[in-house]
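A.B. asks: Sequence first, predicted model second:
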Amino acid sequence: MAKQADIMELSKRRGFFFGSNEVYGGVAGFYTFGPQGAALKRNVESAWRDQFTVRLGNDEIEAPTIMPEAVFEASGHLEGFDDMLVECAECGQSHRADHLIEDNVAGIEDAEALGLEAVGELIAEHELECPACSASLAGEPVEDFNLMFETSIGPGTGQPGYMRPETAQGIFVEFPRLREYARGQLPFGVTQIGPAYRNEISPRRGIIRVREFTQAELEQFIDPEEDEPPLATVEDVSVTLYPVPEQESENGEYIETTIGAAVEAGTIASPWVAYFLGIAQEWYERVGVDMDRFRFRQHLPGERAHYASDCWDAEAEISGNWIEIAGFAYRGDYDLSKHGKYSDERFTVFKRYDEPQTVEKAVVDPDMSALGPKFGGAAAQIADELTALAERDPSAFDAETVSVEVDGERYTVESDIANFSVEEQTESGEHITPHVVEPSFGVGRTVYTLLEHAYSEDEVDGEERTYLSLAPEVAPTDVAVFPLVKEDSLLGLSSDILRELRSSGLSVTYDESGSIGRRYRRQDEIGTAFCVTVDRDGIEGDEPNTVTVRERDTAAQVRVPASELNTELSALLRSEDSRSFDDLIEAYTVVETGVSTE
RNA sequence: GCACCGGUGGUCUAGUGGUAGGACCUGAGCCUUCCAAGCUCAUGGCCCGGGUUCAAAUCCCGGCCGGUGCACCA
């Protein structure tokens, strides 16, 4: 089993990832993906795009990573992402200052709203103590810590902007245009793959908790009353679930079930969430996560975000710990409602009734030429209030006069000036705020998981070897081409093959240095699934113009005509073709190398 | 952010108050016709700053980075 140190060492040495800016001492929480890592990550993103964008018929966008303050006022990140910390001088522990106040001072429920100074004064005033060591916290500075990176947009003081802490907001704020693009029809889904930023207090464990990371998110917009997910497409998908009751029970166990059965049993409350768990399960299998070290865990009530009614995480076991690699949240109308409220735009869709409905509606059409001279500047507001009153209490207009209140002042208007009437109106539909179901993936964590789950050691021909058993689709290098020895005839065919494979879009490496075994080991270590070796038998032997293809995990080889090579390799590397190396063993001559893995 | 431990070629490491060795890797050559073989040669290093000292990679202090624990993770 791979240890974290093994992966770190391999990653640095073979160019998967390493700490950034090391020549200047480095900065915690930032990593650079090297050539192999960037390719692996790119392949993971492509596979995700195929599964969650293309196959589901969704659309992908690319929004800015810097967004203005207003976005995060609406989203709640400015407040919710902002922690007030106070540090104990005695024992050094940090505590949430606002929570201390709320827990210990009667009558204060939202200490965060009071501001830093007021909270500091309250701590001194009530002589609050450190919960850990009971030392007095009076006089300790209360400091703001916001997990968002702040910047300023434009010259001078500019206007405040923030690096997005999740890609989701870039989709939500563009909802009005995306709705137009979708021609106003629910359901529709919008995806985005890109970086997000969180100024973590303490980045840890290499690439697992970093300050800049890549998310792949889908925001599925649905009509909560009408839209059903196509559950039938995933109902037979097997999953390992770890629901709340099992987590809370003494000997909690995983539930091995199918998506269909889990919905039936109510284990997963939301069919939409269940649907995406099924889609995700298929995807994780496809890219090569070890399903024995994978589970879907339901959020405990306490860890659930305030907007999410049900939430599940995809978790992978890494170096003995479970880490979150994706989250699936039913966000309701939280995000769109908030942006609808904070902006002047409408974040709703028009939902047409099956049949137009005729409703009786009380309306007013105030005579502004009478209201204006009489009430001056208040006239417009009075008219608005009359309109509101008509909807609220039509009977108020039965009397001679009707009165409304504007800014605390009461105005009395003759009823006939209001032009009250009850009209029959035909309504063809209503504006509803779509609900959002959000599968949100951590790409970097997925990449790390794949590395650790793929990391393998065995013996080939009595020699120890390390190899990455990556799924061919995501392996950073597709194929390696070797001339068995440096001999003109072999070099010629090798370079022909190299050129052909590369021009068909494969990522191909070429290596003619050192012994063949060393070259195989180099590729094994970065997870290259197939090595093509040009030998003399393939040029002048019984089967001329053939080359050998070696499979990484088994070290088995088959002899394939050079003319078939491109087609066969392409088929092996594409997930949608179910061609496997076993099919090649069936179809071609197996090379007896006398070499085997054990 | 606090505490503990650590930081020596690309990687893994030995080591001492007098500026450093090994292994692997990498490159060149020889040899080699299928799994890290051998031989020759070569490239490449003491995290940064300050202090103590005739002299610091080594001792001290601070910083940065990493690992672990605590806290944090909307």
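C.D. replies: Alright, I've got the coordinates.
A.B. asks: Contact partners for whichever residue of the stretch 451-598 of chain A sits closest to RNA strand B?
C.D. replies: RNA strand B sits closest to residue A:517 of the stretch 451-598 of chain A, with a gap of 2.4 Å, by C-beta to the nearest atom of the strand. For glycine as for every other residue, the C-beta is placed from the backbone atoms N, C-alpha and C. Counting by C-beta atoms under 8 Å, 6 or more residues apart in numbering, residue A:517 makes contact with residue A:463.
A.B. asks: name the element it belongs to?
C.D. replies: helix A:516-526 (DSSP states H and E).
A.B. asks: What is the subsequent helix or strand relative to that helix?
C.D. replies: strand A:530-534.
A.B. asks: any idea how far the residue in chain A sticking out farthest from the centre is from residue A:416?
C.D. replies: The centre of chain A is farthest from one residue, residue A:400, which by C-alpha atoms, centre = their mean lies 61.0 Å away. Distance, residue A:400 to residue A:416, by C-beta to C-beta, to the nearest Å: 9 Å.
A.B. asks: Isn't the residue farthest from the centre of chain A up against residue A:414?
C.D. replies: Yes: using C-beta atoms under 8 Å, residue A:400 and residue A:414 qualify as a contacting pair, with a distance of 6.9 Å.
A.B. asks: and residue A:543, helix, strand or coil?
C.D. replies: coil (DSSP: H, G, I helix; E, B strand; the rest coil).
A.B. asks: and it, what does it touch?
C.D. replies: Residue A:543 neighbours (C-beta under 8 Å, 6+ apart): A:537, A:559, A:561, A:589.
A.B. asks: Give me the subset of these lying in helices.
C.D. replies: residue A:537 (DSSP state H).
A.B. asks: Now do the strands in the stretch 51-200 of chain A.
C.D. replies: For the stretch 51-200 of chain A, the strands defined by DSSP state E, counting those that start in this stretch cover A:59-60, A:66-68, A:82-87, A:94-96, A:142-146, A:150-153, A:159-163, A:188-197.
A.B. asks: meant to ask about the stretch 201-350 of chain A, not that
C.D. replies: A:212-222, A:238-242, A:255-258, A:294-298, A:311-318, A:321-332, A:349-363.
A.B. asks: how about those strands, which one is nearest RNA strand B?
C.D. replies: That would be strand A:321-332 among the strands of the stretch 201-350 of chain A, by C-beta to the nearest atom of the strand, at 7.9 Å.
A.B. asks: and the closest one, which residues are buried?
C.D. replies: Going by neighbour count (16 or more other C-beta atoms under 10 Å), the buried part of strand A:321-332 is A:323, A:325-332.
A.B. asks: Report whether stretch A:475-485 contacts RNA strand B.
C.D. replies: Yes: Stretch A:475-485 reaches RNA strand B (C-beta under 7 Å from any atom of the strand) through A:484-485.
A.B. asks: buried set for that stretch?
C.D. replies: A:475-484.
A.B. asks: Same check on stretch A:521-537?
C.D. replies: A:521-535, A:537.
A.B. asks: likewise stretch A:455-475?
C.D. replies: Those buried within stretch A:455-475 under the rule 16+ other C-beta under 10 Å are A:455-456, A:458, A:460, A:465, A:467-475.
A.B. asks: Contact residues of the stretch 351-500 of chain A facing RNA strand B?
C.D. replies: A:460-461, A:463-466, A:484-487.
A.B. asks: circling back to that earlier point, tell me which two in the buried residues of stretch A:455-475 are the farthest apart.
C.D. replies: Largest separation among the buried residues of stretch A:455-475 by C-beta to C-beta: A:460 and A:473, giving 24.1 Å.
A.B. asks: For residue A:577, give me its contacts.
C.D. replies: Residue A:577 is in contact with A:570-571, counting by C-beta under 8 Å, 6+ apart.
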